[in-house]
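In: generate a structure from the sequence data that follows.
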Amino acid sequence: MCVNRQELSTGDFFGVIKTHAKPPQVNWPAFLIAQLHGPMYNSCAGWLVTGLPTVFFDSIAADGGAMANRIKHIALQTENPAETAEWYKSVFGLDELRRVPAETGEEGVWLTDGYIYFAILKMGSEDAPNLGEGSSTVKGVHHIGFYVDDLDEAVSTVKDHGGTECPGSSKANRKYKGPDGLMIDLRFRGWDEQIRARSTLYELTEAAPAKTAGAAD
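Out: Okay, here's the model as predicted:
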């Protein structure tokens, strides 16, 4: 069961998934929103999405080190996943990866922009459990997922910061309740393979630094 931990602050929890290897000054909220609008908008978050081939989990940052922990999955919950999915497909051109059941998508439809694994789930379903508070109790964002470089280490750190394991957690996909009742998925691999199998997979590369005022071209 997930237990509400009032002492867990948003800043503390999301500090868990930041490391010194991550390029500085990344605007993660902007990045998260930008991913929903497709690759052309990602530069507003300080990143560019390119069509370069991706070797699973061997993405290299500009400094030559391994890519740090990063947001890779967003899940919405709604009363009609298929209808909601059609809106995102029509408006933003997202690709459909799969639906359950395959005939109707009544339980969920999974989409992608080539980078984010975007799930649209039936409210209160097994994949979108009601955690008793926060976003899990209303339509909208139910949980987000992070690729982590070391799953065991990430789980240990999340627990140390008050995260509590949620229903549906598994060895490969660990699920924890974070601040404000938001569920957090932790994975080392899995989402990229599903995107690559059914769509075009994109990787992140660091954008060039912004020019300072008055700098010569």
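
In: what's the weakest-modelled helix or strand in the protein?
Out: The helix or strand of the chain with the lowest confidence, counting by mean pLDDT, DSSP states H and E, is strand 47-50 at a mean of 34.

In: contacts for the following helix or strand past that strand, please.
Out: Per DSSP states H and E, the first helix or strand lying C-terminal to strand 47-50 is strand 70-78. Residues outside strand 70-78 that contact it (Cβ atoms under 8 Å, 6 or more residues apart in numbering) are 22, 28, 31-32, 35-36, 84, 115-125, 127-128, 136, 139-147, 185, 187, 191-192, 204. The C-beta positions use only the backbone N, C-alpha and C, and glycine is treated the same way.

In: try it again with 6 Å
Out: Residues outside strand 70-78 that contact it (Cβ atoms under 6 Å, 6 or more residues apart in numbering): 32, 84, 116-121, 123, 128, 139, 141-147, 185, 191.

In: repeat for stretch 89-98
Out: Under the criterion Cβ under 6 Å, 6+ apart, residues 38, 88, 110-113, 194, 198-199 lie in contact with stretch 89-98.

In: again, only using 7 Å
Out: Residues outside stretch 89-98 that contact it (Cβ atoms under 7 Å, 6 or more residues apart in numbering) are 37-38, 85, 88, 109-113, 118, 194-195, 198-199.

In: quick one: which of those residues sit in helices?
Out: 85, 88, 194-195, 198 (DSSP state H).

In: the residues you listed: which two are farthest apart?
Out: Comparing every pair within these by Cβ to Cβ identifies Tyr88 and Gln194 as the most remote, at 16.9 Å.

In: these two - which one has more neighbours?
Out: Neighbour count, other Cβ atoms under 10 Å: between Tyr88 and Gln194, Tyr88 has more, with 18 against 15.

In: residues contacting that one?
Out: Tyr88 neighbours (Cβ under 7 Å, 6+ apart): 94, 111.

In: Leu111 now?
Out: Per Cβ under 7 Å, 6+ apart, neighbours of Leu111: 85, 88-89, 94-97, 118, 120.

In: ok, His142 next?
Out: His142 makes contact with 75-77, 121, 128, 135-136, 183 under the criterion Cβ under 7 Å, 6+ apart.

In: dihedrals phi and psi, Ser90?
Out: Backbone torsions of Ser90, given as degrees, to the nearest 10, read phi -70, psi -40.

In: what does Gly181 give?
Out: Main-chain torsions, Gly181, degrees, to the nearest 10: phi 80, psi 10.

In: same check, this time on Lys159
Out: Dihedral pair for Lys159: phi -60, psi -40, per degrees, to the nearest 10.

In: mind pulling up the pLDDT for it?
Out: In this model, Lys159 is scored at 95, pLDDT.

In: give me the mean pLDDT for stretch 176-185.
Out: Average pLDDT, stretch 176-185: 94.

In: buried residues of that stretch, list them for me.
Out: Using 16 or more other Cβ atoms under 10 Å as the test for burial, stretch 176-185 gives 176-179, 181-185.

In: and if you look at stretch 118-130?
Out: Residues 118-123, 125, 127-130 are the ones in stretch 118-130 that count as buried (16+ other Cβ under 10 Å).
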